[in-house]
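# Sequence plus predicted model, see below.
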Amino acid sequence: MREPLDETAGSLTTDAAGPEGRGARQADPSREDQTHASQERKCVLTGRHGTRGWLIRLVAAPDGVIWPDIGSRLPGRGAWITPDRAHLCAAIANGRLKAALARSLRQPVSVPADLAQRLADALERRALDRLGLEHRGGHLILGSDRIAEWARAGRLHLLVHAGDAATDGAGKLDQALRTSGGDMAMVLWVPVGRAALSRALGRENVVHFGVSDAKGAHRIAADIGRWRAYEGLDSGDRASSGDEVPGDDDSGVGSPQADRRNGEGRE
C-alpha cells in the first residue's frame, strides 16, 4: 500500500485572495495533522471548544478586514468559530461576530458582508482539492463494479457519493460495504453533484468513489465533514467532543434522505 501523499497544494493551506494572496504558504502535512488533532480552540460565538481541524479560523488582514483561514496556517492572532453557516449569518447580521472578533483579536475589525459565502467557497475548495490530492496519491477507487468488489472484500475505509447520486445505486454500494462488516459511519455524501466531483478528480461522470488508504480516508472525512456541518447537512454538534474526524460517527452520516437537499477563541 502506498504511503500517504505529500500535500503541497496551496489551496489546502492558504485561502485564495486572503491576506497573503493565493498559495502564499505551503503545508507540512504531518505537522498539520498532529497540530489539528492535539490542540483545541474555543469558538468566540458559542464558547464551546473543538479541535483546530473542526473549528474554522478567522484572521484579520493589516487593514482589519476579516478573512477565512481554512488551513489554519496564516500568521498572527486568530479567532475560531463553529462550522455553522446559519449561526454565522445571524451573528454577522446583528453585529455579534464583529464585536466578538474585535475582543478576541484586540483590534478594530471589518466583517465583509459576504464572509459566510467566502467560507462556504473555501471549505468547498479545500475538500475538492483534497480529493484531487488523494486521487493522485492512488488512494481512491473508482467505478461502481470495482468499488463494490473492494467493499465486499473489506478493503475500503470510506465510501463517498456525489450529492446527486441515485439512491438505488448508492444503496447497492452501501450494502456491499455492509457485507464486509462496514456500516453507515463509513459513508459520506458530498455537498455537490457529480459534475463538480468529476472536475475535482479529472475524470468523467464520477458519482461514487471508495478510499483504500486509512489516513487518506481520515483526511477526506475531516474536510468533507466540516464542509457538510457548515452547510447544515449533518445533525448534531460535535464541536465540544474533540473528535478528530468530523462526520465519523454512528448516526448514519449522509443518509440519502437527508442528502436529497444537496446541490451543485483565539490563538
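Thanks, I have the structure now.
# The stretch 1-150 of the chain: strands as residue ranges?
With DSSP state E, counting those that start in this stretch applied, the stretch 1-150 of the chain shows strands at 40-42, 49-51, 56-60, 66-69, 78-81, 140-142, listed in chain order.
# Give me the buried positions along the lengthiest helix in the chain.
With secondary structure taken from DSSP state H, the chain has its longest helix at helix 115-136. Using 16 or more other CB atoms under 10 Å as the test for burial, helix 115-136 gives 115-116, 118-135. The way it works is simple: take the backbone N, C-alpha and C, and place the C-beta from them, glycine included.
# Contacts only, for the spatially closest residue to residue 162 that is not a sequence neighbour.
In space, and not counting its chain neighbours, residue 162 is closest to residue 194: 4.2 Å by CB to CB, 6 or more residues apart in numbering. When contacts are counted by CB atoms under 8 Å, 6 or more residues apart in numbering, residue 194 is found next to 162, 164-165, 205-207.
# Helices - which of those residues land there?
Among the contacts of residue 194, no member falls in helices (DSSP H).
# Weed out the non-buried ones from those.
162, 164-165, 206-207.
# Check those and tell me the two furthest apart.
Maximum pairwise distance among these (CB to CB): 11.5 Å, between 164 and 206.
# And for the residue nearest in space to the middle of the chain, nearest residue in space, chain neighbours not counted?
By CA atoms, centre = their mean, the chain has its centre lying nearest to residue 223, at 2.2 Å. Spatial nearest neighbour of residue 223, chain neighbours left out: residue 127 (4.2 Å); criterion: CB to CB, 6+ apart.
# if we can go back for a sec, now the longest helix of the chain: mean pLDDT?
Mean pLDDT, helix 115-136: 98.
# can you give me the offset of that helix from its chain's centre?
7 Å (CA atoms, centre = their mean, to the nearest Å).
# With mean pLDDT as extra columns, can I get the strands of the stretch 1-150 of the chain in JSON lines?
As requested, these are arranged in JSON lines below (pLDDT from 0 to 100):
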{"stretch": "strand 40-42", "mean pLDDT": "92"}
{"stretch": "strand 49-51", "mean pLDDT": "94"}
{"stretch": "strand 56-60", "mean pLDDT": "97"}
{"stretch": "strand 66-69", "mean pLDDT": "96"}
{"stretch": "strand 78-81", "mean pLDDT": "96"}
{"stretch": "strand 140-142", "mean pLDDT": "98"}
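# closest one to residue 215 among those?
Between the strands of the stretch 1-150 of the chain, strand 140-142 lies closest to residue 215; by CB to CB that is 13.3 Å.
# so what strands line up beside the closest one?
strand 208-211 (antiparallel) (DSSP bridges).
# So what's the residue count around residue 77?
When neighbours are counted by other CB atoms under 10 Å, residue 77 registers 12.
# in the stretch 51-200 of the chain, which ranges drop under the pLDDT threshold?
Residues of the stretch 51-200 of the chain meeting the criterion pLDDT under 70: none.
# try 90
75-77, 183-185 (pLDDT under 90).
# if we can go back for a sec, next, give phi and psi for the residue nearest to residue 162.
phi -60, psi -30 (degrees, to the nearest 10).
# Make sure residue 96 is actually in contact with residue 44.
No. With contact defined as CB atoms under 8 Å, residue 96 does not reach residue 44; the gap is 9.5 Å.
# other SSEs contacting the helix or strand hosting residue 173?
Using DSSP states H and E, residue 173 falls within helix 167-179. Helices and strands touching helix 167-179, by 3 or more CB pairs under 8 Å, 6 or more residues apart in numbering; DSSP states H and E, are helix 144-152, strand 158-161, strand 187-189, strand 208-211, helix 256-259.
# Please save the CA atoms from the following helix or strand past the shortest one in PDB.
Once strand 187-189 ends, the next helix or strand along the chain (criterion: DSSP H and E) is helix 194-201. Taking C-alpha atoms only, helix 194-201 is exported to PDB below (Å, rounded to 0.1, in the frame of the first residue of the first chain):
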ATOM      1  CA  ARG A 194     -21.200  14.600 -10.000                       C
ATOM      2  CA  ALA A 195     -20.100  17.500 -12.300                       C
ATOM      3  CA  ALA A 196     -18.100  19.100  -9.500                       C
ATOM      4  CA  LEU A 197     -16.800  15.800  -8.300                       C
ATOM      5  CA  SER A 198     -15.700  14.800 -11.800                       C
ATOM      6  CA  ARG A 199     -13.800  18.200 -12.300                       C
ATOM      7  CA  ALA A 200     -12.000  17.700  -9.000                       C
ATOM      8  CA  LEU A 201     -10.800  14.200 -10.000                       C
END
